[in-house]
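*Asks:* have a look at this fold, sequence not included:
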Ligand SMILES: Nc1ncnc2c1ncn2[C@@H]1O[C@H](COP(=O)(O)OP(=O)(O)OP(=O)(O)O)[C@@H](O)[C@H]1O
């Protein structure tokens, strides 16, 4: 079913305002920092938090419209949910958990059990059908919850941080399986995450929410290539600036000038990846056009690179090797020369 919604929710001083539309067979990820309003959006769609304003329509049916006094309670919406806070019923076996929604919708016990068993088989848990939730691993419980949500053949599937509680190895495995189930699922899916990798792997569309508002929407690759806020740029690991282009020269709004390879005019965003930055003790000779002096503000060790935060005009992130850190004997407070080739920068209109 197609989801069309315009969500306005007030909670105390917080306001969520977001348009969330998803086509059948498609997955939209809501991505954003803590407290942005992602879970609030999901709860509003599920009917667990009534709208203050706006509308929720699923398959042409109005589920919530405060202006017209329409509110369909959660159990009467064709919506399957996998939420962290009520993953499974502890006293029911895996198969009874999956059968629960079918029974609640009037299916006879034997039929519901047969369907539930099929669903458990589909998520690879036929052997665990009689297990209680406490006898399941985190990953298994997650799959039972997914089977329970899908068993009712909902028009809309809502997943709140479906992989957050899993350890790193299980996460990779469950992420791939979830992708497969979402590919097979014919309804619309809305997924909440603050892990960009989950969003990139699982979703066809991203909606980035900050402070209760949508700051960017589009396909994941497009958002990664053209981030519009610092949060998104940091998430996808890019340096991002706003400025005004005059040919290949871009005067940055917060100070500094960058040279880019392709001439442009007017207000632009300009980005370059941290691994395109070189650091030097002395001003390099015959260096690229983008050369400036900056001060090391922080050094963080990542898997196989070191991310260096630098204050300058402009500030930036640089990814360098451990060897380079040692060679430059980088320490916070130290001054270094920064270079970025014009061909490594990417500018696009605002
Ligand atoms: N029951 C509540 N009472 C008061 N404030 C609330 C309540 N639920 C949410 N909020 C506030 O609403 C805002 C949005 O919260 P929400 O849980 O939707 O964010 P989120 O993006 O899902 O964050 P997280 O990633 O931390 O789960 C926050 O500022 C939060 O403090």
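*Replies:* Arrived safely. These numbers were taken from a predicted model, which means no experiment stands behind them.

*Asks:* in the stretch 101-250 of the chain, what residue is nearest the ligand?
*Replies:* The ligand sits closest to residue 194 of the stretch 101-250 of the chain, with a gap of 5.3 Å, by Cβ to the nearest ligand atom. All C-beta spots, glycine's among them, are computed from the backbone N, C-alpha and C.

*Asks:* hang on, that residue packs against residue 29?
*Replies:* No: Residue 194 is beyond contact range of residue 29, at 10.1 Å (criterion: Cβ atoms under 8 Å).

*Asks:* per-residue confidence for the residue of the stretch 101-250 of the chain closest to the ligand?
*Replies:* Looking at residue 194, its pLDDT is 78.

*Asks:* next one: the one 10 residues further on
*Replies:* The score at residue 204 is 91. That number is its pLDDT.

*Asks:* now swap in residue 295 and tell me
*Replies:* Confidence for residue 295, expressed as pLDDT, is 96.

*Asks:* ok, and what's touching the longest strand belonging to the chain?
*Replies:* The longest strand of the chain (DSSP state E) is strand 257-272. For strand 257-272, contacts defined as Cβ atoms under 8 Å, 6 or more residues apart in numbering pick out 226-228, 233, 238-252, 289-290, 314, 340, 342-350.

*Asks:* now do the contacts for residue 295.
*Replies:* 310, 311, 312, 333, 334, 335, 336.

*Asks:* cutoff 10 Å now
*Replies:* 309, 310, 311, 312, 315, 332, 333, 334, 335, 336 (Cβ atoms under 10 Å, 6 or more residues apart in numbering).

*Asks:* selecting buried members of the residues you listed in PyMOL, what would you type?
*Replies:* Remark: buried members of those, expressed as a PyMOL selection using 16 or more other Cβ atoms under 10 Å:
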select buried, resi 309+310+312+315+336
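
*Asks:* who in this structure is up against the ligand?
*Replies:* 11, 12, 14, 32, 34, 35, 36, 37, 38, 39, 40, 194 (Cβ under 6 Å from any ligand atom).

*Asks:* need these in TSV (columns: neighbour count and secondary structure).
*Replies:* Formatted as TSV, the residues of the chain next to the ligand follow (neighbours: other Cβ atoms under 10 Å; DSSP: H, G, I helix; E, B strand; the rest coil):
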residue	neighbour count	secondary structure
11	12	strand
12	5	coil
14	13	strand
32	26	coil
34	6	coil
35	12	coil
36	25	coil
37	24	coil
38	27	helix
39	19	helix
40	23	helix
194	16	coil
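
*Asks:* biggest separation within these, which pair?
*Replies:* The span of the residues of the chain next to the ligand, defined through Cβ to Cβ, is set by 12 and 194 at 21.8 Å.

*Asks:* pretty sure residue 20 contacts residue 7?
*Replies:* Yes: the pair residue 20 / residue 7 is scored as a contact, 6.3 Å apart, by Cβ atoms under 10 Å.

*Asks:* common neighbours of the two, please.
*Replies:* By Cβ under 10 Å, 6+ apart, the residues touching both residue 20 and residue 7 are 41, 42, 44, 45, 54, 56.

*Asks:* now intersect these with the strands, please.
*Replies:* 54, 56.
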